[in-house]
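1. Sequence isn't available, so here's the structure alone:
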């Protein structure tokens, strides 16, 4: 075993090859001694040092496969990510593999690293990115695509997959934005739609076998061909492994998309998403990493179920994570108690897309509240329904703490608009719930809404303001200091939803609509209106529904300096508009064009389980303002997921509980969740 | 009975980048992992009764950090602090603990002075020349009656007298290196040791260096040290510092016995 002294940023091929040998590898250099002298020149240096409690640092030479797991955004946003945490434990538990983590260096650190030739490194051993076998990145939303390219470049590997060989890491992406990875098709090697647990272990096994063969001289060809051999094995042997370079986007004569088809025999026309049917077999996290510096969620988190069947038509997270798979109450209790012991966190998050919908949520909340009665441990559900049950639940969870704020997500202001988006809550429900909230001593109600929804009129928009005012009238009766916050975001249409065909509002239209709401509430000082920058939805919308024609745009935007596209600290829209112009791509053609029923969509070859025809029918139902019930409670309406993927709902609702009217906010876990949450955090701190 | 305990702990290696702001959360979580009955404050937002007498700047390392903890019940201090030390992040270790009688004076009053050390290990620097310069500047500073430097603060510039705060100062280039005075390559470090008052205006080692650079006349002859360490806090005695919790005397310069100057 030797330690390399090769160039850290551009190692030679022999070094690249030596560090990735399965057995007796060259141990890559730690860049810690080179990074350390600069840490006092950057903001929040603790984010670059690692050393968190529950960190695992296995010896490089003791394993055969080495993964670098990455959340391509700042540490403070990425550290709490559940997906990374789960895969980190899984890979480190396997004796033959190891996982390190990396996050995007903030702009000041980026400049320091470029100036001094320092590569992107792992927090576990400050090992350069280029030394790993796999660079696995979660894409929670579309606003980190430029960061991904930057990380590869700064990590010492070519950002275009065509320029990489078997001596470079395999670049794998997952997460919600990987349900349409086409704008990144030229950059990533493998994309996975769906759950990562089984997929990751399967990929790791194929990788390990290929490495053994390669070390034994049993993989033919040069390094480029050896890489292709690995990709071929993955595409054939690991279900859900979508290799963009083995598919071609065929164009019609007028430039439209004809079909995206495999270019190799034996590969599937449609790559299906992966779904873990039995969550009981995957009881992670056990030992969640505990940050030593401030991050957006400082709590021990357990997913209490995966999937959602509320059927909100705008919600990509709800559509692509079907079916519902619940964890058993006793498992949840166990995971929480062990997790709190192992981390020392004071807050416990019971996560899901709609946590109050767990069939046994009442028992779960009561048992945990009993267990932690009289302690300082607090419990939270990041999503809530608009009904009395929810207040009872919130009271239970707040037993140790304070009754400060409750959040509800009616999403739209008028009854008509809520029928279109399938948010089944009546105004009466909303007002009665508000009454009950304030009567129970809650002092602040936050309401989440969207504007820019399909078929929306000015009247629908103004109804948001009116609803906010009505809730405030109730608030006032229970206390002059009670408050109501109306939080409004601009709607961004997403793939694999019934709204995947609709036109998106321009930022100017969104701004005008936000103005209408402000006008309605302007005389009510207890109502605060909070909005996001409408410009941010432009890039998100473009990348969400774009195809491979956008690869050059992503690259051009990154080359022109776009990074951290979702942050207020950066203004990247002008850069993107310039990049679009460079590439001759028309923004309105992408964002403001309604797609037709028969149009081939860039993600049609990626199978989320939902039938395209069902999505279209549901879109027609939306236009007709007809609602669709939660399929947990009504007979199957054949969206396609369960029979198509041989899955079923896994819930314990044998308690005869009737479905309650509505509603969960998808935001805490949703695709575009991260950024508003950061803002909320900063706002709370004020 | 209040079950108050005081500890001395280290902040070495990577944890020295953890800010004073984040320290409370790090300790509260460690206390919960160690399952110790820490007391909580009353009120709307209860917090664990752990207090730190003063903040250490991010990036400085220390073997002389202190904390005061109040427990809700009697604890077996030896095993409790061993468990706590084990679950604190790497680099943060409890080295001394002491139960506090009810009538004890405030912790901050037991820490009137700090022994600091700055070390230079840059192989590119001519160490003999650097030592001669440091030694000269040390004599100059001790001989002066005042030595004013300007501190830039958000609230405006402030002039402080460094000389008034310096109780003891010595530059060392140990001829017979011990473990404290050699770097990783075995080459001797240059070490500037200072005892600085904690009462009065805050004077840190970097202020001291700024004062010692005054004679540079714009040229930067005195490079930044590689590492600055808060060694211990307590009371200044001849040749060193009497550490607050143990009462042991720490020698001013490494390799020298207290009083054997």
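-> Done, it's in. No experiment lies behind these values; they were computed from the predicted model shown. Residues are numbered from 1 along each chain as shown, chains lettered A, B, ... in the order given.
2. what helix or strand is the residue of chain B found nearest chain A on?
-> Nearest residue of chain B to chain A: residue B:29, at 3.2 Å (CB to the nearest CB). Placement of C-beta: from N, CA and C, glycine included. Per DSSP states H and E, residue B:29 falls inside helix B:20-33.
3. after that helix comes which helix or strand?
-> strand B:50-51.
4. Tell me, how many residues neighbour the nearest residue to residue B:150 once chain neighbours are set aside?
-> Spatial nearest neighbour of residue B:150, chain neighbours left out: residue B:157 (5.2 Å); criterion: CB to CB, 6 or more residues apart in numbering or on different chains. When neighbours are defined as other CB atoms under 10 Å in any protein chain shown, residue B:157 has 8 of them.
5. repeat for residue A:594
-> Other residues close to residue A:594 by other CB under 10 Å number 11.
6. Over to residue A:374?
-> For residue A:374, using other CB under 10 Å, the count is 7.
7. try residue A:476
-> Residue A:476 has 16 nearby residues by other CB under 10 Å.
8. so what's the one residue in chain A that gets nearest to chain B up against?
-> The nearest approach of chain A to chain B comes at residue A:344, 3.2 Å away (CB to the nearest CB). Applying CB atoms under 8 Å, 6 or more residues apart in numbering or on different chains to residue A:344 gives the contacts A:53, A:290, B:28-33, B:87.
9. Please dump those residues into JSON lines; it should also carry distance to residue B:59 and pLDDT for every row.
-> Listed next are these as JSON lines, based on distance: CB to CB, whole Å; pLDDT from 0 to 100:
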{"residue": "A:53", "distance to residue B:59": "21", "pLDDT": "97"}
{"residue": "A:290", "distance to residue B:59": "22", "pLDDT": "98"}
{"residue": "B:28", "distance to residue B:59": "23", "pLDDT": "96"}
{"residue": "B:29", "distance to residue B:59": "22", "pLDDT": "97"}
{"residue": "B:30", "distance to residue B:59": "22", "pLDDT": "98"}
{"residue": "B:31", "distance to residue B:59": "25", "pLDDT": "97"}
{"residue": "B:32", "distance to residue B:59": "28", "pLDDT": "96"}
{"residue": "B:33", "distance to residue B:59": "26", "pLDDT": "97"}
{"residue": "B:87", "distance to residue B:59": "24", "pLDDT": "97"}
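10. Quick check: can you list the domain ranges of the chain?
-> With no chain named, the answer covers chain A. Under the assignment automatic domain parsing, the domains of chain A span A:29-245, A:296-547+A:602-685.
11. My question was about chain B, not that one.
-> B:4-110, B:113-251.
12. Helix, strand, or coil at residue 114?
-> You didn't pick a chain, so chain A it is. helix (DSSP: H, G, I helix; E, B strand; the rest coil).
13. actually chain B
-> For residue B:114, the assignment made with three-state DSSP gives strand.
14. Please apply the same query to residue A:235.
-> Secondary structure state of residue A:235, per three-state DSSP, is helix.
15. So it sits against residue A:247, correct?
-> No. Using CB atoms under 8 Å, residue A:235 makes no contact with residue A:247, being 9.5 Å away.
16. which residues are in contact with both of these two?
-> Taking CB under 8 Å, 6+ apart as the criterion, residue A:235 and residue A:247 both touch residue A:267.
17. would you list every one of the strands in the stretch 51-200 of chain A?
-> A:65-71, A:97-103, A:134-138, A:170-174, A:190-191 (DSSP state E, counting those that start in this stretch).
18. and the ones you listed as CSV, adding mean pLDDT and distance to chain B?
-> Output for those, formatted as CSV (pLDDT from 0 to 100; distance: least, CB to the nearest CB, whole Å):
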stretch, mean pLDDT, distance to chain B
strand A:65-71, 98, 19
strand A:97-103, 98, 15
strand A:134-138, 98, 24
strand A:170-174, 98, 29
strand A:190-191, 98, 33
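19. Of all those, which one is nearest residue A:594?
-> Nearest to residue A:594 among the strands of the stretch 51-200 of chain A is strand A:190-191; the distance by CB to CB comes to 26.8 Å.
20. Can you pull out the residues in contact with the closest one?
-> A:170-174, A:178, A:181, A:184, A:203, A:231, A:234, A:241-244.
21. The same query, at a cut-off of 10 Å, please.
-> Contact with strand A:190-191 is made by A:134, A:136, A:139, A:161, A:170-175, A:177-182, A:184-185, A:199, A:203, A:230-231, A:234-235, A:238, A:240-245, A:271, A:606, as judged by CB atoms under 10 Å, 6 or more residues apart in numbering or on different chains.
22. ok now that strand, how far from the chain's centre?
-> The chain centre lies 16 Å from the centre of strand A:190-191; the measure is CA atoms, centre = their mean, to the nearest Å.
23. Likewise for stretch A:520-535?
-> 27 Å.
24. Stretch A:154-173 too?
-> 23 Å.
25. Can you pull up the most central residue in the chain?
-> Because you didn't say which chain, this covers chain A. Nearest to the mean C-alpha position of chain A, by CA atoms, centre = their mean, lies residue A:140 at 2.5 Å.
26. look at chain B instead
-> residue B:230 (2.1 Å).
27. Hmm, residue B:117 and it touching each other?
-> Yes. Taking contacts as CB atoms under 10 Å, residue B:230 lies within contact range of residue B:117: 8.5 Å.
28. Neighbours of residue A:139, how many?
-> Taking other CB under 10 Å as the criterion, the count of residues near residue A:139 is 26.
29. isn't it right up against residue A:71?
-> Yes. Counting by CB under 10 Å, residue A:139 touches residue A:71, with 9.3 Å between them.
30. Which neighbours do those two have in common?
-> By CB under 10 Å, 6+ apart, the residues touching both residue A:139 and residue A:71 are A:147, A:175.
31. Output the set of residues of chain A in proximity to chain B.
-> Applying CB under 10 Å from any CB of the partner chain, one finds that chain A approaches chain B through A:32-33, A:36-37, A:39-40, A:44-55, A:123, A:290-294, A:298, A:340-346, A:375-377, A:400-402, A:404.
32. Before I go, just wanted to say thanks for your time.
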